[in-house]
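Chemist: pasting a predicted model and its sequence here:
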Amino acid sequence: LKAKLDAEIAIKQAVKHPSLGEALSSPKVIALSLIYFGFVGALYGMQFWLPQIVKAFGLTNAQTGFVTAIPYLFGTIAMILWARHSDASRERVMHVGAPLLLTAVALGVSSYLTDPTLTMVVLTVAAVGVFCCFGVFWTLPTAWLSGTAAAGAIALINSIGNLAGFGGPYLIGWIKEATGQTSTGLLVLAVLPLIAGTLVFVGGHDSKHEFSEQKR
């Protein structure tokens, strides 16, 4: 395994070996930070408010716990299968951007639904979209960065992105206080993965460079 990792790093450095400073100031890294912000904002917004949305269906605490687990069950299965498909097809952009856009659409649609069953189906779709991004997203920065540049860039992406851990739930809460409806908060929250997904397609990704080592 170490020999394989060393070979991959050598190829990255032969093509381009940005310094830590170059990586941190790279527009591509900044764009990835914003993408991760949109991704994490949708994730934590759903995680924080989903139990309250389900509880509003009139369920008991125990029932709320079981129903709330449904999106995570499907999301976990989808995450594994989607990551495998991304590796098998050697494609990254569609495998990150499409799930984010799917999440945006699902969150937007959920804000207009009142039927509990339909709401859970659509929120499950939104969760599947978010979970599908988990593993595949990190192939974007690590495909062209290595060493301290990769460590610094990943730290920056995490730092900026995880601010959404506060921003996503806070946004829904603020809108709920202003409008009295959680659904409106979900509609606004949908903007985050929408922007993130768009940035993925605009930024693109050099999959040929990432998989070049496997062809040798």
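Modeler: Good, I have the coordinates. Numbering: from 1, shown residues only.

Chemist: give me the low-pLDDT residue ranges for the chain?
Modeler: The chain contains residues with pLDDT under 70 at 9, 11-19, 146, 206-216.

Chemist: measure the residue most central in space within it to N61 for me?
Modeler: By Cα atoms, centre = their mean, the chain has its centre lying nearest to F39, at 3.5 Å. Going from F39 to N61 by Cβ to Cβ, to the nearest Å gives 30 Å. In short, each C-beta sits where N, CA and C put it, glycine included.

Chemist: can you check R90 too?
Modeler: Applying Cβ to Cβ to R90 and N61 gives a distance of 46 Å.

Chemist: same deal with A23?
Modeler: Distance, A23 to N61, using Cβ to Cβ: 47 Å.

Chemist: higher neighbour count, these two?
Modeler: Neighbours per residue, other Cβ atoms under 10 Å: of A23 and N61, the larger number sits with A23, 23 against 8.

Chemist: check contacts around the closest residue to A164 other than its chain neighbours.
Modeler: Spatially, and ignoring its direct neighbours in sequence, A164 is nearest to G41 (3.5 Å; Cβ to Cβ, 6 or more residues apart in numbering). For G41, the contacting residues are 164, 167-168, 171, 189, 192-193, by Cβ atoms under 8 Å, 6 or more residues apart in numbering.

Chemist: now do the phi/psi pair for L73.
Modeler: phi -60, psi -50 (degrees, to the nearest 10).

Chemist: ok, it - contacts?
Modeler: Residues near L73 by Cβ under 8 Å, 6+ apart: none.

Chemist: what's the answer for V109, then?
Modeler: Contacts for V109 were tallied using Cβ under 8 Å, 6+ apart; they are V122.

Chemist: please tell me how far it sits from A190.
Modeler: For V109 relative to A190 (Cβ to Cβ), the value is 9 Å.

Chemist: most neighbours among the contacts of G41, which one is it?
Modeler: If you count neighbours using other Cβ under 10 Å, the busiest of the contacts of G41 is P193, which has 32 neighbours.

Chemist: what packs against whichever helix or strand that residue is part of?
Modeler: Using DSSP states H and E, P193 sits within helix 191-203. Applying 3 or more Cβ pairs under 8 Å, 6 or more residues apart in numbering; DSSP states H and E, one finds that helix 191-203 contacts helix 27-55, helix 93-110.

Chemist: in the shortest one, what's buried?
Modeler: Spelled out, it's helix 93-110. 93, 95-110 (16 or more other Cβ atoms under 10 Å).

Chemist: return the distance of that helix from the chain's centre.
Modeler: Chain-centre distance of helix 93-110: 9 Å, with Cα atoms, centre = their mean, to the nearest Å.

Chemist: and for stretch 179-196?
Modeler: Offset of stretch 179-196 from its chain centre (Cα atoms, centre = their mean): 16 Å.

Chemist: restricting to C-alpha, output it in PDB.
Modeler: These are the backbone C-alpha positions of stretch 179-196, laid out as PDB (Å, rounded to 0.1, in the frame of the first residue of the first chain):
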ATOM      1  CA  THR A 179     -42.200  32.900   9.400                       C
ATOM      2  CA  GLY A 180     -43.400  30.400  11.900                       C
ATOM      3  CA  GLN A 181     -42.700  27.600   9.400                       C
ATOM      4  CA  THR A 182     -39.800  25.100   9.200                       C
ATOM      5  CA  SER A 183     -40.700  24.400   5.500                       C
ATOM      6  CA  THR A 184     -39.600  27.900   4.500                       C
ATOM      7  CA  GLY A 185     -36.300  27.300   6.100                       C
ATOM      8  CA  LEU A 186     -35.800  24.100   4.100                       C
ATOM      9  CA  LEU A 187     -36.600  26.000   0.900                       C
ATOM     10  CA  VAL A 188     -33.900  28.600   1.700                       C
ATOM     11  CA  LEU A 189     -31.500  25.800   2.800                       C
ATOM     12  CA  ALA A 190     -31.800  24.300  -0.700                       C
ATOM     13  CA  VAL A 191     -29.900  27.300  -2.000                       C
ATOM     14  CA  LEU A 192     -26.600  26.000  -0.400                       C
ATOM     15  CA  PRO A 193     -26.400  22.600  -2.200                       C
ATOM     16  CA  LEU A 194     -27.700  24.300  -5.400                       C
ATOM     17  CA  ILE A 195     -24.700  26.800  -5.400                       C
ATOM     18  CA  ALA A 196     -22.300  24.000  -4.400                       C
END
